[in-house]
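Colleague: based on what follows, work out the 3D shape:
(one chain, ligands or ions: 1)
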Amino acid sequence: MTKSTILTLVGSLRAGSTNQQLAEAIQLNAPEQVDVVIHEGLGNIPFYNEDIDVEGQVPAEAAALREAASKADTVLLVTPEYNGTVPAPLKNAIDWLSRPFGAGALAGKPTAVVGTAFGQYGGVWAQDEARKAAGIAGARVLEDVKLAVPGSMVRFAEIHPKDDAEVVEQIKGVFDALTATAPAA
Ligand SMILES: Cc1cc2nc3c(=O)[nH]c(=O)nc-3n(C[C@H](O)[C@H](O)[C@H](O)COP(=O)(O)O)c2cc1C
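Modeller: Numbering: from 1, shown residues only. I've put the predicted structure just below:
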């Protein structure tokens, strides 16, 4: 059976990022037929600028992101909330994936958003904004896939999300919802 690929983009660049850890827990709990790839290097992609988005001259890091997203069956955004919205590196990635207009790598791509943040709602504002931006970029947003873990740095200070039984159970729910709404996942 061919494996399907979920490309995961993490909104935090921090070495000890709890969202990076959540992405790792998602990777570890993926069903056998699903490959979860965590994209590295979002922080090295230049800010989106139409002047540098020129065919044949697109910065290597942005081109690599576009290629990875094009190849993936599904895109999963794993993000904290910064000041009530999406952290800049993730928004930048969405912007690169939204162009060329109408034919960007997100066009028609099943895309889901999850994450953890310190606030009591686990970053749902950022998640909603990420869904909105991905949708405007042309993605098929999987609205039913939900996971927002509150208290990030405290909850995961002593325990990695992969060892947090409640989170692991919620991750299984994420894969169930992904399978139900984007069968290729
Ligand atoms: C600049 C900045 C803004 C933040 N704004 C919010 C916020 O609006 N809502 C929230 O719940 N947490 C907010 N936080 C706390 C983050 O949710 C928390 O630090 C989270 O663990 C960051 O994700 P990471 O562990 O993956 O780096 C903010 C943190 C930073 C650094």
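Colleague: buried ones in the lengthiest helix in the chain?
Modeller: Taking DSSP state H as the criterion, the chain has its longest helix at helix 165-181. Neighbour-count burial for helix 165-181, with 16 or more other C-beta atoms under 10 Å as criterion, is recorded at 167, 170-171, 174-175, 177-178, 181. C-beta here means a position set from N, CA and C on the backbone, and glycine is covered the same way.
Colleague: which single one of these is nearest to the ligand?
Modeller: Within the buried residues of helix 165-181, the smallest distance to the ligand is 13.8 Å, found for residue 167 (C-beta to the nearest ligand atom).
Colleague: may I ask you to confirm that the closest one is in contact with residue 21?
Modeller: No: in this structure, residue 167 is not within contact of residue 21 by C-beta atoms under 8 Å, at 9.7 Å.
Colleague: now for these two: what residues contact both?
Modeller: residue 161 (C-beta atoms under 8 Å, 6 or more residues apart in numbering).
Colleague: just to revisit the earlier point, would a markdown table of the buried residues of helix 165-181 with distance to residue 120 and pLDDT be doable?
Modeller: As requested, the buried residues of helix 165-181 are exported to a markdown table (distance: C-beta to C-beta, whole Å; pLDDT from 0 to 100):
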| residue | distance to residue 120 | pLDDT |
| --- | --- | --- |
| 167 | 16 | 98 |
| 170 | 16 | 98 |
| 171 | 21 | 98 |
| 174 | 21 | 98 |
| 175 | 26 | 97 |
| 177 | 23 | 94 |
| 178 | 26 | 94 |
| 181 | 27 | 84 |
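Colleague: hmm, which two among those are most spread apart?
Modeller: Maximum pairwise distance in these, criterion C-beta to C-beta, is 20.9 Å, between 167 and 181.
Colleague: hmm, which helix or strand of this protein has the shakiest average pLDDT?
Modeller: Sorted by mean pLDDT, DSSP states H and E, the helices and strands of the chain end with helix 165-181, the least confident at a mean of 95.
Colleague: how far out from the middle of the chain is it?
Modeller: 15 Å (C-alpha atoms, centre = their mean, to the nearest Å).
Colleague: kindly report the same for stretch 109-128.
Modeller: Worked out by C-alpha atoms, centre = their mean, stretch 109-128 lies 10 Å from the chain centre.
Colleague: in that stretch, what counts as buried?
Modeller: Buried-residue list, stretch 109-128, by 16+ other C-beta under 10 Å: 109-117, 119, 122-128.
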